[in-house]
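S.K.: pasting the structure only:
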Ligand SMILES: Cc1ncc(COP(=O)(O)O)c(C=O)c1O
């Protein structure tokens, strides 16, 4: 079998793979606790269900414009006005099959082979693979001091003649860090000055804690014309607990959106009509589910941080948003893949190795599940790792006795 050079360089999505592993173990009856997940557990908003159901019951589910139905674009425009104080034209908006596809199509529209895309580490697992898929070169930037907050000097230092774009994701997957406004201002200024595309992956922007408001990158932009290279990505997956609906979008200059739409029209013909109608319902409907989700997540975050702080040797920075934490377990192992495997094997706790996000020694631990899962999961992890933990552990009515060093 002959596989393309690019095909051979692409790894599987570890996070999706872990979902599968957890599901298989659960189906076997194993008492698995999934702390590796990337989706809220709640139900989709009723307005989303009604939106899709109305179209489905009409029986007329057809192709849509490749950049999205007018009603969805209108909803995205209203959303952009509400959260960004900007009124894009319909030609500045493209709906896509999730934020993931919006980013991918954007990269396909702007990147030539061998050109570079810069992003701070830790980063979302898909950025390097997406860049590689187009024959580009991913350039992760690891701050020297190990901080989760990037420094503009470190980013500026890696920019060169081949740099085409910078991707910023705040609140950040996997660290949960919310980058300060001062950094957002600096990166917008830097990209404008250097003529680079700035892709703001704002998929978690409303899932932000401690009373903070979502950051608006446009506030710091000087160029508000059609030559602006600022691209804002968002979607319904996380804020409305609609991961399976696969609707996201991009807001950018007209020329870029036109090219992205052309590309998407040949790839998928655009996202599913049904799910676009669901997204319209979610965006225009009652927003209380977002506030409830944020409150639940903030509460979960507090419990998780408290538990992890009582875990000797583990260093945890309090996440300011998302539903991920990224504690440092290097006191126990510098090899995060081995550590994650050990936790799965010994106590059926799923975590994601930090290596996947460009930071060894860390594990990504999600807090989008139940408090029970969080507390029990951490207790099991402690039992495996912490020498001071009690020798015995009960998982349901199964008694485990520590028998390894
Ligand atoms: C940082 C980041 N961007 C984009 C996405 C993709 O979201 P969607 O489900 O809309 O494709 C994810 C999903 O995990 C993410 O974590």
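M.R.: Noted; the coordinates are in hand. Owing to the predicted nature of the structure, the values given are computational and were not obtained by experimental measurement.
S.K.: Strands of this protein, residue ranges please.
M.R.: 33-34, 93-96, 116-120, 137-141, 163-169, 197-201, 230-235, 248-251, 324-325, 349-350, 352-353, 363-366, 392-395, 398-401 (DSSP state E).
S.K.: Serialize these to CSV and add fields for distance to residue 340 and mean pLDDT.
M.R.: The way it works is simple: take the backbone N, C-alpha and C, and place the C-beta from them, glycine included. CSV is the format used below for these (distance: least, C-beta to C-beta, whole Å; pLDDT from 0 to 100):
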stretch, distance to residue 340, mean pLDDT
strand 33-34, 12, 93
strand 93-96, 31, 98
strand 116-120, 22, 98
strand 137-141, 20, 97
strand 163-169, 22, 98
strand 197-201, 24, 98
strand 230-235, 27, 98
strand 248-251, 28, 98
strand 324-325, 14, 98
strand 349-350, 8, 94
strand 352-353, 4, 95
strand 363-366, 6, 97
strand 392-395, 18, 85
strand 398-401, 19, 84
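S.K.: which one of those lies closest to residue 21?
M.R.: strand 349-350 (6.8 Å; C-beta to C-beta).
S.K.: Quick check: which helices or strands does the closest one pack against?
M.R.: helix 14-27, strand 33-34, helix 336-347, helix 371-385 (3 or more C-beta pairs under 8 Å, 6 or more residues apart in numbering; DSSP states H and E).
S.K.: and the end-to-end length of stretch 269-278?
M.R.: 18 Å (C-alpha to C-alpha, to the nearest Å).
S.K.: what do you get for stretch 232-241?
M.R.: For stretch 232-241, the end-to-end distance is 20 Å (C-alpha to C-alpha).
S.K.: go on, stretch 32-52?
M.R.: Start-to-end, stretch 32-52 (C-alpha to C-alpha) is 33 Å.
S.K.: hang on, isn't residue 48 packed against residue 285?
M.R.: Yes. Using C-beta atoms under 8 Å, residue 48 is in contact with residue 285, at 7.0 Å.
S.K.: Of those two, give the one with the bigger neighbour count.
M.R.: More crowded of residue 48 and residue 285, by other C-beta atoms under 10 Å: residue 48, with 27 against 18.
S.K.: hang on, the earlier thing: quick one, which of the strands of the chain gets closest to residue 274.
M.R.: strand 93-96 (13.0 Å).
S.K.: Run through who's touching the closest one.
M.R.: For strand 93-96, contacts defined as C-beta atoms under 8 Å, 6 or more residues apart in numbering pick out 67-69, 72-73, 76-77, 80, 102, 105, 247-252, 257, 260-261, 264, 270-271, 276, 279.
S.K.: need the contact list for the residue of the stretch 251-400 of the chain found nearest the ligand.
M.R.: Proximity of the stretch 251-400 of the chain to the ligand (C-beta to the nearest ligand atom) peaks at residue 322, 7.9 Å away. Counting by C-beta under 8 Å, 6+ apart, residue 322 touches 171-173, 176, 204, 207, 238, 297.
S.K.: And those residues, which is closest to residue 192?
M.R.: residue 172 (22.2 Å).
S.K.: so the closest one makes contact with residue 148?
M.R.: Yes. Between residue 172 and residue 148 there is a contact under C-beta under 8 Å: 6.7 Å.
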